[in-house]
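**Q** When you get a sec, could you give me coordinates for this:
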Amino acid sequence: MKAPWNFARFLPLAGRLLSRGRLPTLLFAVASKGASQGARLGKVKEDLRLLQALCLAYWRGEYRAISPKALLSVVAGLMYFLSPLDAIPDFIPVFGMLDDIAVLAWLMKNLGDELNAFSTWRNRQAPERLVLLERLPDTCEQLQLEGPRKS
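**A** Residues are numbered from 1 along each chain as shown. I've put the predicted structure just below:
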């Protein structure tokens with residue numbers, strides 16, 4: 001399945017973000033926008049949480065069974081979601097979120113096997129461990145200090 005229009009321009013940006021260790025900054029911004037958009041996201045809100053959980057587990061070094069290409073696509077998709085100036089600018093009422101939702105839905109479909117594997121791993125974790133793994137600290141700086149653990 002072909003990538004959504006305008007998605008490809010986010011791939012090199014995602015690569016730079018990952019190489020510079022800026023994933024925590026992205027995750028905090030995604031959490032903030034996801035919370036503020038609430039009902040506008042519908043079912044996609046759960047998909048967004050899954051993608052964020054995947055990135056957190058990856059950052060913390062707990063889950064590395066994802067291909068570099070898939071991780072890059074997830075990060076690019078989250079960046080697309082955050083960008084106010086994408087195919088349909090977010091400031092356009094009602095329609096502004098449609099392209100963001102379409103990109104997230106495309107990611108869920110395109111990366112289904114990788115995301116199913118992560119979900120299986122996630123479901124095997126003890127609930128108290130999962131809470132710790134998926135909790136964002138109070139600040140981005142605290143997550144940066146935790147740093148990624150090398151596997």
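
**Q** just the helices in this protein please.
**A** Assigned by DSSP state H, the helices in the chain fall at 10-19, 23-37, 44-59, 68-82, 98-110, 112-123, 127-134, 140-146.

**Q** pLDDT on the first one, on average?
**A** Which is helix 10-19. Across helix 10-19, pLDDT averages out at 96.

**Q** got the angle between it and helix 68-82?
**A** In terms of direction (axes from the mean of the first three to the mean of the last three C-alpha atoms, to 10 degrees), helix 10-19 departs from helix 68-82 by 110 degrees.

**Q** mind checking how far helix 10-19 is from the chain centre?
**A** 13 Å (C-alpha atoms, centre = their mean, to the nearest Å).

**Q** Which strands and helices lie in contact with that helix?
**A** Judged by 3 or more C-beta pairs under 8 Å, 6 or more residues apart in numbering; DSSP states H and E, the packing partners of helix 10-19 are helix 68-82. C-betas here are computed from N, CA, C, even on glycine.

**Q** ok, and what's touching the helix it packs on?
**A** Applying C-beta atoms under 8 Å, 6 or more residues apart in numbering, the contact partners of helix 68-82 are 6-7, 10-11, 13-15, 17-18, 23, 26-27, 29-30, 33, 48, 51-52, 54-55, 58, 66, 86, 100, 103-104, 106-107, 110-111, 114.

**Q** Of those residues, keep whichever come out buried.
**A** Neighbour counting with 16 or more other C-beta atoms under 10 Å marks 7, 10-11, 14, 17-18, 23, 26-27, 30, 33, 48, 51-52, 54-55, 58, 66, 86, 100, 103-104, 106-107, 110-111, 114 as buried within those.

**Q** and the lowest-mean-pLDDT helix or strand in the chain, which residues are buried?
**A** When the helices and strands of the chain are compared on mean pLDDT, DSSP states H and E, helix 140-146 comes out lowest with a mean of 74. Neighbour counts over helix 140-146 (16+ other C-beta under 10 Å) mark Cys140, Leu143, Gln144 as buried.

**Q** In a markdown table: the helices of the chain, plus distance to Lys2.
**A** Putting the helices of the chain into a markdown table (distance: least, C-beta to C-beta, whole Å) gives the following:
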| stretch | distance to Lys2 |
| --- | --- |
| helix 10-19 | 14 |
| helix 23-37 | 24 |
| helix 44-59 | 20 |
| helix 68-82 | 13 |
| helix 98-110 | 9 |
| helix 112-123 | 16 |
| helix 127-134 | 32 |
| helix 140-146 | 34 |
